[in-house]
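Enquirer: Coordinates for the following, if possible.
(one chain, ligands or ions: 1)
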Amino acid sequence: MFEVKQSIAIAKPWLGDAEAEAVTRAIRSGWVTQGPEVAAFEQEFAATVGAKYACAVSNCTTALHLALLAVGVQPNDEVITVSHSYIATANSIRYCGAIPVFVDIEPQTYNINPMLIENAISDRTRAILVVHQMGMPCDLKAILAIANHYHLPVIEDAACAIGSEILWDEQWEKIGKPHGDIACFSFHPRKVITTGDGGMITTANPEWNRLFHLWRQHSMDVSDTVRHGAKQVIFESYPMLGYNYRMTDLQAAVGREQLKRLPEIVSRRRFLAQQYSKKLSDLELKLPTEPRWAKSNWQSYCVRLPNQLDQRQLMQAMLDMGVATRRGIMCAHREPAYLKHFKAEQSLIESEQAQDSAILIPLYYQMTEAEQDYIVNILKTACQV
Ligand SMILES: *Cc1c(COP(=O)(O)O)cnc(C)c1O
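Expert: Next up is the predicted model:
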């Protein structure tokens, strides 16, 4: 065995002086909550992913909630989605009083299996909420064909997928254009770029975009910036129910700097993922691969263990060597909070097996070759036993 040489985190945000200066700029400006930095961040984000409109919100969970409301999801409606995702995906459906209908995943991509969607559609289905899991684009072409046939809106949970790309009419396009009706992003530190916490909603629909901007601020019909700059007294009003889902200018100032780093972050992550795939290729692990039409941002690198390797034991052995890992993506339907709160008329066996037999290994922009080799060597030793 080797000596424990280092402590390697599962993920690390890449934040530097530029972010520190940006947040200082916002503080010195005297304007700290949703204001000019948020507006600029929205524009720059929309340009980055090729979206017509973008609306910044407090996180991706609130983004998903507003997206579902915009497409008209109401209490007792059904929304088709996956169980195999961070619990926020299914929770956002329940915030609307609606019922998540879980469909199984494809074992290779960890994304919704398009072949299983049609069977899950009922009279009460109001929307399809798909996830680009771990940054790997899901099969949007196949999903949209079904959705269009049944006139169902498609919301993309792109929490992990900033910078990921999909081949669309012979061109590589960014996830978030969006190819469905609405896409939602997260800036949690576990994702590819971060604002501490934060989210973004993109769409090509001007009416929905207007609603997102209203709803995130209790539907107040005059923005703070307009009121602040007005020469005349303005009384605002609240035409409908809204929420406090605002992003702050402190966060947006950081986000604008993070966007500048995005190309470099994604290209480094792609390089590191490629290195993992090379260095682990002769082991008995099942490694992630991209479909021909997808380029991941490698938000996570997920390996499938062979039967004889115990997931928890391996994770503990790696932790003992100073390397943090995570088990496969959770399944919401197995959590107590979901006991009677979902519908699944199909088997979710692939979702369960993915949770039980996969592990996520460290991957971050700053990872050195030595760190990566250290992780690879531990996995090699573990796979020999
Ligand atoms: C992280 C994550 C979310 C939630 O994002 P927050 O910004 O933390 O609310 C939603 N869906 C998926 C797939 C995620 O990975």
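Enquirer: I'd like the distance between Arg270 and the ligand.
Expert: Separation of Arg270 from the ligand (CB to the nearest ligand atom, to the nearest Å): 19 Å. Placement of C-beta: from N, CA and C, glycine included.
Enquirer: May I have the residues that are in contact with the closest residue to that residue other than its chain neighbours?
Expert: Nearest residue to Arg270, sequence neighbours excluded (CB to CB, 6 or more residues apart in numbering): Trp298, at 6.1 Å. Contact analysis of Trp298 by CB atoms under 8 Å, 6 or more residues apart in numbering lists Met134, Gly135, Arg269, Arg270, Leu272, Ala273, Leu363.
Enquirer: Make JSON lines from these and add neighbour count and pLDDT to it.
Expert: Shown next, in JSON lines, are those (neighbours: other CB atoms under 10 Å; pLDDT from 0 to 100):
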{"residue": "Met134", "neighbour count": "25", "pLDDT": "98"}
{"residue": "Gly135", "neighbour count": "26", "pLDDT": "98"}
{"residue": "Arg269", "neighbour count": "23", "pLDDT": "98"}
{"residue": "Arg270", "neighbour count": "16", "pLDDT": "98"}
{"residue": "Leu272", "neighbour count": "21", "pLDDT": "98"}
{"residue": "Ala273", "neighbour count": "20", "pLDDT": "98"}
{"residue": "Leu363", "neighbour count": "23", "pLDDT": "98"}
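Enquirer: Count the neighbours of Arg126 for me.
Expert: Residues lying near Arg126 (other CB atoms under 10 Å) number 20.
Enquirer: now the one 3 residues further on
Expert: Leu129: 30 surrounding residues under other CB under 10 Å.
Enquirer: I'd like the distance between it and Ile80.
Expert: Distance, Leu129 to Ile80, using CB to CB, to the nearest Å: 7 Å.
Enquirer: Equivalent analysis for Glu42, please.
Expert: Taken as CB to CB, the span from Glu42 to Ile80 is 29 Å.
Enquirer: Identify the residues contacting the residue lying closest to Trp168 once chain neighbours are set aside.
Expert: Distance criterion CB to CB, 6+ apart; nearest residue to Trp168, sequence neighbours excluded, is His179 at 6.6 Å. Residues near His179 by CB under 8 Å, 6+ apart: Leu140, Leu144, Glu156, Ile166, Trp168, Glu173.
Enquirer: Write out the residues of this structure neighbouring the ligand.
Expert: Contacts of the chain with the ligand, taken as CB under 6 Å from any ligand atom, map to 59-61, 85-86, 88-89, 131, 157, 159-160, 186, 188, 199.
Enquirer: Around the closest residue to Thr289 other than its chain neighbours, how many other residues sit close by?
Expert: In space, and not counting its chain neighbours, Thr289 is closest to Gln108: 6.7 Å by CB to CB, 6+ apart. Neighbour count for Gln108, taken as other CB under 10 Å: 14.
Enquirer: Give me the three-state assignment for Gln108.
Expert: Judged by DSSP: H, G, I helix; E, B strand; the rest coil, the three-state class of Gln108 is coil.
Enquirer: Tell me how far it lies from Cys331.
Expert: Using CB to CB, Gln108 is found at 17 Å from Cys331.
Enquirer: do the same with Asp17
Expert: Here the criterion is CB to CB. By it, Asp17 lies 41 Å from Cys331.
Enquirer: swap in Thr289?
Expert: Per CB to CB, Thr289 is found 22 Å from Cys331.
Enquirer: ok, these two, which is more surrounded?
Expert: The residue with more neighbours, out of Thr289 and Cys331, is Cys331; 23 against 12, by other CB under 10 Å.
Enquirer: Please name the bridge partners of that one.
Expert: His84 (DSSP bridges).
Enquirer: Let me know whether it touches Gln355 as I believe.
Expert: Yes. Assessed by CB atoms under 8 Å, Cys331 is found in contact with Gln355 at 5.1 Å.
Enquirer: so what sits against both of those two?
Expert: With CB under 8 Å, 6+ apart as the test, Cys331 and Gln355 both reach His84.
Enquirer: count of residues packed around Asp157?
Expert: 28.
Enquirer: okay, now Ile162: neighbour count?
Expert: If you count neighbours by other CB under 10 Å, Ile162 ends up with 29.
Enquirer: Quick check, it in contact with Thr194.
Expert: No. The pair Ile162 / Thr194 is not scored as a contact, 10.3 Å apart, by CB under 8 Å.
Enquirer: and the helix ranked longest in the chain, what does it pack onto?
Expert: Counting residues, the longest helix in the chain under DSSP state H turns out to be helix 249-279. In terms of contacts (3 or more CB pairs under 8 Å, 6 or more residues apart in numbering; DSSP states H and E), helix 249-279 is packed against helix 17-29, helix 36-49, strand 301-304, helix 369-384.
Enquirer: list the helices and strands the next helix or strand after that helix packs on?
Expert: Counting by DSSP states H and E, the element after helix 249-279 in chain order, helix or strand, is strand 294-295. Packing partners of strand 294-295 (3+ CB pairs under 8 Å, 6+ apart): strand 165-168.
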